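Asker: Next comes the sequence, and after it the predicted model I'd like to discuss.
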Amino acid sequence: MCFVAAGKTGNEAEPRDVVIVGARCAGAPLGMLLAERGYTVEMIDRNPAGTDTVSTHWIRWPGVQQLHAWGLVPALEKTGCPPIDRASLDFEGRVITGVPRAAGTRATTYAPRRTALDAMLVAQARAKGARLRERFAVTDLLVEDGRVAGVRGTGPDGPAGLRARVVVGADGRNSTVARLVQSPVLEDRGILARSLYGYWSGVTEPGVRVVFRGRCGISLWPTHNGLSVVSLVFPPDQAPGSGRTATADFYTSSLREVPEIKGALANADLVSQPRAAAVRNARRQAHGPGWVLAGDAGHHKDPVSAQGISDAFADAAVLADALDAGLSGSAGLDEALAGYATTRDAQRLAAFAYTCEQAELRPFGAGFLDDMARTAADEQAAAAFVNTFVGCETPAETDTDTDAGAGAGWLGESH
């Protein structure tokens with residue numbers, strides 16, 4: 001563990017209840033939830049709020065439900081993020097379409113740019129009383145009697161120490177906090193797939209469209225400013241050559257090799273350089289003395305299932321309750337954090353295994369494709385499949401016994 005002693009050092013702020021390293025999809029909602037319960041919260045991030053980052057865009061229905069519970073859907077809509085009310089899933093020409101519904105009403109989802117989503121979440125946290133320290137890079141931990149007692153780093157005003165009862169690492173899959181506390185990796189499946197995505201103008205899709213051909217998946221999602229994010233997921237052994245030009249050529253040519261996608265992009269223009277992602281499927285120990293991890297810092301998986309943002313929201317909600325219990329004294333702090341870790345694993349392990357299976361991008365078997373053809377021809381079955389795809393129903397509720405694996409509705413390839 002990399003640390004400095006927790007004694008008073010120069011330019012050290014007064015102690016906080018919680019310091020949250022990372023102010024994005026896990027850290028900012030957590031800061032909001034703790035601040036509105038009266039805790040002193042300092043969020044810190046190496047970047048300004050709203051800085052772009054490589055990420056999935058789609059918020060599946062469980063994540064949207066969490067935004068509804070927090071009262072934040074109107075704020076998201078005010079950013080100009082378009083609603084997604086329809087899905088089209090194409091498995092080698094077997095096309096399943098539908099309008100997802102939950103409890104009899106339309107289940108609207110969203111695919112926001114992270115520039116807008118993260119800025120909105122930070123603004124909500126600050127409105128509740130959480131403080132934000134931007135452009136601050138953590139370099140060490142403050143440790144006292146074997147417990148993490150804060151962080152030390154450097155920002156625009158120079159080096160500073162920030163003391164806290166708990167330090168939360170919500171700083172992504174390359175988490176500095178996880179590295180400094182030497183959080184053990186509990187499972188590592190490695191990089192199973194690669195992705196490229198870019199923003200296009202002039203795409204006229206009524207909702208989300210996903211097309212699988214061979215060992216590649218392509219998805220189109222409406223996002224901010226009248227643009228669509230178009231992603232390509234492919235096996236690592238098909239990686240493009242080095243350089244921006246080779247990457248862009250591989251991306252555009254792969255899209256246009258699929259006639260349906262070529263048609264959808266016929267009057268569209270690529271307005272950004274494609275961005276690349278290659279995500280290790282791994283999970284770390286979630287907590288230790290005085291520290292805890294949230295979101296991708298503790299658990300990250302391939303974007304083939306597009307669950308990262310929703311998972312981050314879920315972590316924030318569960319961890320806020322655990323920290324409230326531990327900081328208020330209604331439960332022991334270490335006990336409360338252990339309970340959070342248990343809940344996190346219970347929520348994630350099945351999806352982690354399934355995502356890893358899907359990220360292998362094995363060709364669909366004949367039995368699965370036959371089943372998709374039957375599903376497409378059956379209005380009720382198609383509706384159930386679409387509901388599972390967006391997360392309105394769990395795979396267990398609409399499970400099909402196919403050679404492609406159970407719960408095919410988890411498929412949600414996007415960026």
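Answerer: Thanks, I have it. Because the structure is a prediction, the values reported are computed rather than measured.
Asker: What segments of the stretch 201-350 of the chain are helices?
Answerer: When assigned using DSSP state H, counting those that start in this stretch, the helices of the stretch 201-350 of the chain occupy the ranges 244-256, 259-264, 308-328, 333-359.
Asker: out of those helices, deepest packed?
Answerer: Greatest average neighbour count among the helices of the stretch 201-350 of the chain goes to helix 308-328 (a mean of 23), per mean count of other C-beta atoms under 10 Å. No exception for glycine: its C-beta is placed from N, CA and C like everyone else's.
Asker: quick one: that one to helix 333-359, angle?
Answerer: Here helix 308-328 runs at an angle of 170 degrees relative to helix 333-359 (axes from the mean of the first three to the mean of the last three C-alpha atoms, to 10 degrees).
Asker: May I have the strands that pair with whichever helix or strand A160 is part of, each with its orientation?
Answerer: Per DSSP states H and E: A160 is located in strand 158-169. Its sheet considered, strand 158-169 pairs with strand 12-21 (parallel), strand 147-155 (antiparallel), strand 291-293 (parallel) by DSSP bridges.
Asker: Could you list the low-pLDDT ranges of the stretch 1-150 of the chain?
Answerer: Applying pLDDT under 70 to the stretch 1-150 of the chain flags residues 1-13.
Asker: That one: strands as residue ranges?
Answerer: Applying DSSP state E, counting those that start in this stretch to the stretch 1-150 of the chain gives strands spanning 3-5, 12-21, 41-44, 83-84, 87-91, 94-98, 101-102, 105-106, 109-110, 131-133, 137-144, 147-155.
Asker: right, and those - which one's nearest W58?
Answerer: With distances scored as C-beta to C-beta, the stretch of the strands of the stretch 1-150 of the chain nearest to W58 is strand 109-110 (6.6 Å).
Asker: For burial, what's the neighbour tally of T97?
Answerer: Residues lying near T97 (other C-beta atoms under 10 Å) number 17.
Asker: Identify the residues contacting it.
Answerer: Contact analysis of T97 by C-beta atoms under 8 Å, 6 or more residues apart in numbering lists R86, A87, S88, L89, A382, V386.
Asker: Would you check that the last one makes contact with R106?
Answerer: No: at 11.6 Å, V386 does not count as touching R106 under the criterion of C-beta atoms under 8 Å.
Asker: Reformat the strands of the stretch 1-150 of the chain into CSV and put distance to G308 next to each item.
Answerer: Converted to CSV, the strands of the stretch 1-150 of the chain look like this (distance: least, C-beta to C-beta, whole Å):
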stretch, distance to G308
strand 3-5, 30
strand 12-21, 18
strand 41-44, 19
strand 83-84, 17
strand 87-91, 19
strand 94-98, 24
strand 101-102, 21
strand 105-106, 24
strand 109-110, 14
strand 131-133, 22
strand 137-144, 22
strand 147-155, 24
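Asker: Let's see the pLDDT reported for the spatially closest residue to G169 that is not a sequence neighbour.
Answerer: Excluding the flanking residues, the one nearest G169 by C-beta to C-beta, 6 or more residues apart in numbering is V177, at 2.8 Å. Confidence at V177, expressed as pLDDT, is 98.
Asker: now V177: how far from V151?
Answerer: According to C-beta to C-beta, to the nearest Å, V177 stands 8 Å off from V151.
Asker: Identify the contacts common to these two.
Answerer: Residues touching both V177 and V151 (C-beta under 8 Å, 6+ apart) are V21, V138, L141, V167.
Asker: Most neighbours among these, which one?
Answerer: Neighbour counts for the shared contacts of V177 and V151 peak at V21, which has 31 neighbours (criterion: other C-beta under 10 Å).
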